[in-house]
Each structure stands twice: as structure tokens, then as C-alpha cells.
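*Asks:* Return a 3D structure for these sequence lines:
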Amino acid sequence: MCVEESKQSTTAYIRINSKTRPKLQNSFKRMAVLTVHIFTDVGVKDTDDELLLKYLANNKISMNLLVVFTGSDGISAGDALAYWIRTFESNVLQKLTVGTKLSYTTLADYKCNDHVCDYGLQISPLDGYDGVNMTVNKKYVFAGDYITPEGARPSFNRNGSEAILDKFFKEGKLIDIPSAHMVKMRFNSELLSKFDGAFKENIVFTAFLLIFARMSPDHVANKFAEGLVNPNAGRGANYTSVSKLCFELLGVDADFLRKKETHLNDTGNCLNVSTCESTARNYCSELEKNGVTLNDKDETIKYLTDINIMLQCIADKGREVVDSSELVDIFDSGSHGRVYVSDFDVDSIPSKLENAWELFKENADSLTDCFNPVYDLFAGYVLSGVIHGENRVSHTSQEFLKNVVLEF
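*Replies:* All right, here's what the predicted structure looks like:
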């Protein structure tokens, strides 16, 4: 089976790359360059892996980059590779660092052969892969916690990665990056300006998606859903982003909006706090039906209700940028109301969210503080530091933003 998988994926690799990769290095004298193997789940909703790949391929360090597509969230490794080629590769190749080589494979194929590299970078779960056929000469950088902090959930990328992390820890080569620190790394306008075309389009839509849509209750990682909306049960990334967006666009917070419900509705808004709360309760019930134990259910309902209140008022404001738009209760389904989940793309945005999407797009360049964290881009930044003999794991968000924009 392994031989057959290897044969199929290698054939696909040769076909894709012989047609798409320009011969940028014909006049470049070959020199020994660093080899970096990257495990990535390109194709998931956060679009962060893609940013990391652009950074490493377009920064000032010549490298042989082997990108190992793992697949995730219902997307096969082969489909993830094809998605990268179709959507992003041409943008990266236009600015490919002189001396850098970009190659691809899938995790199934990677398992079938022996590999040697200078550095490894893991920014995805590895589905039980133990790294037995992988030799890392220098360091293996992991985007997550090797040892889970007391009271915290294990890092998402640690799932199915225990064996390979143990291997490189015992070899003294593992460098892990705390999840609680990575979450602090966000965009500013200067960093956003480094991405154009499909990259920027995906950054803006993904930010909108993760603000207006929650993790599906039946998602494979649904145990993290509570912590996304409740800062007391996790890092509260969804709550933080929605709160920042609300303040940027409306200048107020959820408490103010709760108290002003009647006044708002008298002045052309459509806020129904009761519907926002019942929708939050329904979401928590759906999580429990899918096997999730909620550690702080009452507060989770409260925080999610606040999120829903803020989203409704942002949608109401969206009418200002959409001609002849109707006033709409985005959660209006009576006692059976449901939150929006991340099951739509830029071409299938629910009609009730169109006003909010137009408002978000129009103001996107000034809303970068509301965008989702750039976890994996920070991991690549740490790797670049390691290559230069610099420990960047504890760099602040200010240090990261100051330095990273100068490097690609």
C-alpha cells in the first residue's frame, strides 16, 4: 500500500510542478543551502499556514523547502496540495528568493522514504506519524506546547504528534512555542500590506468568517469550541475579535448594547437580546450532544450571547453601505435559532450576513486588530531566528511586527 501511495503522489507531484514552476535559477550557481521540511494543514479555515509558506519562500534566506501536506478538517492531503497550487503558488513564485527551491509531497508519501533535513517545522497535527524515517540535523520547531500548561487544553497541533515530539525532545532538538504566546501575534496594516492577490482576499474573508461563524458542534476539534467564545475556559479568540470589531465600528461594547436594546430598535436597528441568548443556549446544547463537556456553561452562554448581540448590531450598521437593504434579524429562528458555523465560503455567504460582509470589506484595512492571530507565521519567524542563532520564542508582538515585515 505504501509503495502504491508513493507512486501515485510522486506522479502527481512531477506533473504539477513541471508545468507551473518557472526556471528561476538557471543562471544561479548552485550552492549548499539549508533544507527545511514543513508539515502543514493548508486548507483549514484559518488560512495561517499559507502565510507562513509565503514568508519562508519569499524571505531573505535561501532554502530548500519541502512542504509536506497533511490534510485536515475533511480536506485530503492531495486536495490541500492542489488548492495551494491553484490559489497561491503563482503569487509566491513571482517573488521566490534567489536560491530557494520549493517542493511538495503528502504525508502518506513522506512516510514511505527516509528523509534528512537541517530543520523541521511542524504547524499541523500529524495523525500518529512518529518521525522514525526522519533525521533532523539541527532543530525541530513545533507550533504549540510540548508540555501542556496546568489547567490548559493540549495544543491543537499536538494531536497525534506525541511520538515525533518525544523523538526530537529526547534528541535535544525540539523547540516548542507556547500556544498562549502565539495567540498574541496579530496583523497590523504594515504586515497586511505584505500580502496581495489571493492572499489578501483570503485573509479578509477568513477574518470575517471567524468573527461571524462559530466552530461547528460536530467538528473534530469541537472540544476547543468553548474556549474560543469564553475567555475563562480558553483564550477566547472569537470573543476578543468580535469585541474589538464592535468597538472599532460602533464605539461601544456588549453591555452598552444590552442596556440600549429598546432605544436601538426605536432608531432603526433589529436587536433582540432574548433571541441572542436562546441561540447561545442552543449552541451549547449542540456541543453537549456531540460529546463536549462544558466546563463553564453559564459563562459560556453569557459570552456567546454578548457575541451575538454585537454581531447583530454590526449587521444593522452594515445597512449604511448597502443600498436599499432590508432590516434583518440575523438570528431570527425563534426558539430554534442557530449560530452561523464555518461551513460557507466567500461565494456562499448567508444572505442575512451580506450587509455585515460589505461593511467589513469596506473597512478591512483599518480592522487588522480584529483579524485572527498569525500563529504559524510567528512559528516561521521563530524558525528564521533559530537559523540566525537568535531565540525569538519569547519575542513580544511588537518585536515580531517590527522585524517580520523587514524579512520578506
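
*Asks:* name the element residue 138 belongs to?
*Replies:* Assigned by DSSP states H and E, residue 138 belongs to strand 134-142.

*Asks:* again with residue 310
*Replies:* Secondary-structure assignment from DSSP H and E places residue 310 in helix 297-317.

*Asks:* circling back to that earlier point, and the strand holding residue 138, which strands flank it?
*Replies:* Here strand 134-142 has these sheet partners by DSSP bridges: strand 115-122 (parallel), strand 174-176 (parallel).

*Asks:* Including mean pLDDT, could those strands go into JSON lines?
*Replies:* Listed next are those as JSON lines, based on pLDDT from 0 to 100:
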{"stretch": "strand 115-122", "mean pLDDT": "98"}
{"stretch": "strand 174-176", "mean pLDDT": "98"}
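
*Asks:* right, so of the ones you listed, which gets closest to residue 219?
*Replies:* Residue 219 lies closest to strand 115-122 among the strands paired with strand 134-142, at 21.2 Å (CB to CB). In this view, the C-beta of every residue, glycine as well, is placed from N, C-alpha and C.

*Asks:* Would you mind writing the CA trace of the closest one as CSV?
*Replies:* Output in CSV follows, covering the C-alpha atoms of strand 115-122 (Å, rounded to 0.1, in the frame of the first residue of the first chain):
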residue,chain,number,x,y,z
HIS,A,115,14.5,11.9,4.9
VAL,A,116,17.3,14.2,6.1
CYS,A,117,16.9,17.9,6.7
ASP,A,118,18.6,20.7,8.6
TYR,A,119,15.4,21.9,10.2
GLY,A,120,11.9,20.7,10.7
LEU,A,121,8.8,22.9,11.2
GLN,A,122,5.5,21.4,12.4
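
*Asks:* buried residues in it?
*Replies:* 115, 117, 118, 119, 120, 121, 122 (16 or more other CB atoms under 10 Å).

*Asks:* Now do the buried residues in the helix holding residue 310.
*Replies:* Buried residues in helix 297-317, counting neighbours by 16+ other CB under 10 Å, are found at 297, 299-317.

*Asks:* Then stretch 287-298?
*Replies:* Neighbour counts over stretch 287-298 (16+ other CB under 10 Å) mark 287, 292, 294, 296, 297 as buried.

*Asks:* what do you get for stretch 350-367?
*Replies:* Buried-residue list, stretch 350-367, by 16+ other CB under 10 Å: 353, 355, 356, 357, 358, 359, 360, 364, 367.

*Asks:* Any stretches of the stretch 1-150 of the chain with poor pLDDT?
*Replies:* For the stretch 1-150 of the chain, applying pLDDT under 70 flags the ranges 1-31, 45.

*Asks:* Quick one: residues contacting residue 211.
*Replies:* Counting by CB atoms under 8 Å, 6 or more residues apart in numbering, residue 211 touches 238, 241, 242, 245, 311, 360, 370.

*Asks:* is it true that the first one touches residue 230?
*Replies:* The one in question is residue 238. No: contact between residue 238 and residue 230 fails when scored by CB atoms under 8 Å: they sit 9.1 Å apart.

*Asks:* All the helices of the stretch 251-400 of the chain, in order from the start?
*Replies:* Using DSSP state H, counting those that start in this stretch, the helices of the stretch 251-400 of the chain run over 254-259, 261-266, 273-289, 297-317, 354-363, 375-387, 397-404.

*Asks:* Please tabulate those in CSV, including the columns mean pLDDT.
*Replies:* Below are the helices of the stretch 251-400 of the chain laid out as CSV (pLDDT from 0 to 100):
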stretch, mean pLDDT
helix 254-259, 93
helix 261-266, 89
helix 273-289, 94
helix 297-317, 96
helix 354-363, 93
helix 375-387, 97
helix 397-404, 97
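
*Asks:* Looking at the ones you listed, which is nearest to residue 221?
*Replies:* The nearest among the helices of the stretch 251-400 of the chain, by CB to CB, is helix 273-289 at 11.8 Å.

*Asks:* angle of that closest one against helix 297-317?
*Replies:* Orientation check (axes from the mean of the first three to the mean of the last three CA atoms, to 10 degrees): helix 273-289 against helix 297-317 gives 130 degrees.

*Asks:* on that earlier part again, got a markdown table for the buried residues of stretch 287-298, with distance to residue 209 too?
*Replies:* Shown next, in a markdown table, are the buried residues of stretch 287-298 (distance: CB to CB, whole Å):
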| residue | distance to residue 209 |
| --- | --- |
| 287 | 19 |
| 292 | 21 |
| 294 | 23 |
| 296 | 25 |
| 297 | 25 |
